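Asks: With the input below, show me the fold.
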Amino acid sequence: MTATASAPTATDELLAHDRWSRDQMLAYQRDRLRDVIAHAVTSSPYYRGTLGRDALAGDIHLDELPILTKQTLMEQFDRVVADPRLRLAALEAHATGGDPGALFAGEFHVFSTSGTTGRRGIFPQAAAEFRSWVAAAWRVRDRLGLGQGTRTIGIGAPTPLHITQKLFSAFGGYGEGRPELAVTTPVPELVAAVNGDRPELIVTVPSIAGLLAEEQLEGRLSAEPRGIVLAGEVLTEDIARRVTEAWGIEPMQVYASTEALMMASSSPDGPGLEIGDDLVVLEVVDEHDRPVSPGVPGWRVLITSLVGRALPLIRYELSDSVTLAPGPDPGGRPYSLIERVDGRNDDVLRLPGVGGGEAIVLPYRLRAPFLNLPDVVQYQVVREPRRLAVRVVLRPEASVETVDRVRSGMEEALAAAGAIVPPIAVEPVAEIEREPGTIKVKVVKTVQEAAA
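Replies: Next comes the predicted model:
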């Protein structure tokens, strides 16, 4: 898109929403929601059956509508989609064909993700929908004060079926002569490419940013970015601190998914993430799908996309633990706020409690021991059947006491959560592997005992 004096870009229009009042934003969101539901009922057999043609009669009470899980979506896919050309078998064939990055039927991007649940998902987007998400991503960049000509580098997934490749290409930071980097690229190659490219903006996942920051601090990387935008994994406090130490800037966090690309992003004016209320309706609920109050960690998130039309997503379930923030946006903008994104709800550890019953250990407690351990470059907490394994990547000059400090910190964190502390094994490793089929490194995970 090219901006002219008489034709503002989609990004300009989104940035104009920053100047709205909260009432204007909520009115806009209600109107868009009605449009989405009307389109879904008219064009999707699934929604016509589950919502009924009278779904728009009177006021819309979103919390009374049914939840759409990923399992139901994939089982009912051909009925959920709103375009008869989009059939799961044809999309799967396209995704496994010779050119999965090409447009399906000349009109639809096709993205695939296994997610951390391991259940494969196919998510088509019309080209116009994808352009809307790109405009939303540019809004995040513009809030950093980085203009259209900003030299960007993107480090995402190695497959065109993942949304990051096309997003980074739209940024001008991937392909067509730019470095084609991925999270699977060896670190020495990443360092060489970034040193040669001299980007002003780096967009990647937190685990890669942490490794690059370590390379900068060790003197092997000489990048001078003016902005770091991170998404796809939980941004832990230790990685944020390392990025600031390396480059003197705070990373901007984006809460994103393939299904709804720009759900929230860091506010440049204070703590928390601004929810894109003009792009999504985001509900944070407990295990019984009841809304939770600000400051209380939720069990899952329900997303209604105000952008998607080819594949309408109304109250679509994401297994993320998110905590909403109280009060108005500190920047005076009209958005609601997220206080913290803790990751998937399967990142929660459930251990026997000291007084009986069960102790629920939230991810932020498990990350706390590493805040004051700069010798730990990366870590992962793994619940095994008989112990807790803590895998750590250490700096070469790490103190011999670091392993003991990790163990004692974990013991204190678990005890503070009221848990009976299991045996803890701290294991120094060369690297921590990404989850199969994803760009993610899980900070907290559970593994089951292998069958005999």
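Asks: alpha carbons only for contacts and neighbour counts from here, please
Replies: Noted.
Asks: Which residues are in contact with Arg32?
Replies: By CA atoms under 8 Å, 6 or more residues apart in numbering, the contact list for Arg32 reads Leu306.
Asks: Please report how far it lies from Ile303.
Replies: 14 Å (CA to CA, to the nearest Å).
Asks: Quick one: distance of the least confident helix or strand in the chain by mean pLDDT to the chain centre.
Replies: When each helix and strand of the chain is scored by mean pLDDT, DSSP states H and E, helix 363-367 comes last, with a mean of 73. Centroid separation for helix 363-367 versus its chain: 18 Å, with CA atoms, centre = their mean, to the nearest Å.
Asks: Likewise for stretch 80-91?
Replies: On CA atoms, centre = their mean, the centre of stretch 80-91 falls 26 Å from the chain's centre.
Asks: Can you get me the start-to-end distance on it?
Replies: 14 Å.
Asks: And the contacts of that stretch?
Replies: The contact list for stretch 80-91, computed with CA under 8 Å, 6+ apart, reads 40, 43-47, 73, 77-78, 104-105, 110, 122, 124, 309-312.
Asks: Got a ChimeraX select line for the buried ones in those residues?
Replies: In ChimeraX, this line selects whichever of those come out buried by 16 or more other CA atoms under 10 Å:
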select :40,43,44,45,46,47,73,77,78,104,110,122,124,309,310,311,312
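Asks: Next step: the contacts of stretch 80-91 restricted to strands.
Replies: Among the contacts of stretch 80-91, the residues falling in strands (DSSP state E) are Val110, Ile122, Pro124.
Asks: Can you add distance to Gln24 and pLDDT and give these back as a markdown table?
Replies: A markdown table is the format used below for those (distance: CA to CA, whole Å; pLDDT from 0 to 100):
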| residue | distance to Gln24 | pLDDT |
| --- | --- | --- |
| Val110 | 34 | 93 |
| Ile122 | 34 | 90 |
| Pro124 | 31 | 96 |
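Asks: hang on, Met79 packs against Gly49?
Replies: Small correction: residue 79 is Arg, not Met. No. Arg79 lies out of contact with Gly49 (CA atoms under 8 Å); the separation is 9.6 Å.
Asks: Would you state the helices of the stretch 151-300 of the chain in chain order?
Replies: Ranges of helices in the stretch 151-300 of the chain, per DSSP state H, counting those that start in this stretch, are 163-171, 187-197, 206-217, 237-247.
Asks: Those into TSV, with extra columns for mean pLDDT, distance to His61 and mean neighbour count?
Replies: TSV is the format used below for the helices of the stretch 151-300 of the chain (pLDDT from 0 to 100; distance: least, CA to CA, whole Å; neighbours: other CA atoms under 10 Å):
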stretch	mean pLDDT	distance to His61	mean neighbour count
helix 163-171	84	32	21
helix 187-197	94	49	16
helix 206-217	92	37	22
helix 237-247	92	37	20
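Asks: where are the low-confidence patches of the stretch 301-450 of the chain?
Replies: Scanning the stretch 301-450 of the chain for pLDDT under 70 picks out the ranges 345-347, 364, 371, 436-439, 448-450.
Asks: now the strands for it?
Replies: Using DSSP state E, counting those that start in this stretch, the strands of the stretch 301-450 of the chain run over 316-318, 320-324, 337-344, 349-352, 358-361, 376-383, 388-394, 424-428, 444-446.
Asks: Nearest approach to Ile163 belongs to which of the ones you listed?
Replies: Across the strands of the stretch 301-450 of the chain, Ile163 has its closest neighbour in strand 316-318 (17.0 Å, CA to CA).
Asks: For the lengthiest helix in the chain, list every residue counted as buried.
Replies: In the chain, taking DSSP state H as the definition, the longest helix is helix 22-43. Neighbour counts using 16+ other CA under 10 Å place 22, 25-26, 29-30, 32-34, 36-41, 43 of helix 22-43 among the buried residues.
Asks: Mind checking the pLDDT average for it?
Replies: Average pLDDT, helix 22-43: 96.
Asks: Would you mind writing the CA trace of it as CSV?
Replies: C-alpha atoms of helix 22-43 as CSV (Å, rounded to 0.1, in the frame of the first residue of the first chain):
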residue,chain,number,x,y,z
ARG,A,22,-13.1,4.5,25.1
ASP,A,23,-16.8,4.9,24.3
GLN,A,24,-15.9,5.3,20.6
MET,A,25,-13.8,2.2,20.6
LEU,A,26,-16.5,0.1,22.3
ALA,A,27,-19.2,1.4,19.8
TYR,A,28,-16.9,0.5,16.9
GLN,A,29,-16.2,-3.0,18.4
ARG,A,30,-19.9,-3.7,18.9
ASP,A,31,-20.6,-2.7,15.3
ARG,A,32,-17.8,-4.9,13.9
LEU,A,33,-19.0,-7.8,16.1
ARG,A,34,-22.5,-7.5,14.7
ASP,A,35,-21.0,-7.6,11.2
VAL,A,36,-19.0,-10.7,12.0
ILE,A,37,-21.9,-12.6,13.4
ALA,A,38,-24.2,-11.5,10.6
HIS,A,39,-21.6,-12.7,8.0
ALA,A,40,-21.1,-16.0,9.9
VAL,A,41,-24.8,-16.8,10.2
THR,A,42,-25.3,-16.0,6.6
SER,A,43,-22.3,-17.7,5.1
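Asks: ok, so what distance separates the residue nearest to Pro225 when sequence neighbours are not counted from Gln125?
Replies: Spatial nearest neighbour of Pro225, excluding adjacent residues (CA to CA, 6 or more residues apart in numbering): Glu200 at 4.2 Å. Separation of Glu200 from Gln125 (CA to CA): 29 Å.
Asks: more neighbours, the two?
Replies: Per other CA atoms under 10 Å, whichever of Glu200 and Gln125 has more neighbours is Gln125, with 22 against 17.
Asks: That one is in contact with Leu311, isn't it?
Replies: Yes. Here Gln125 lies in contact with Leu311, judged by CA under 8 Å, at a distance of 7.2 Å.
Asks: Many thanks, have a good one.
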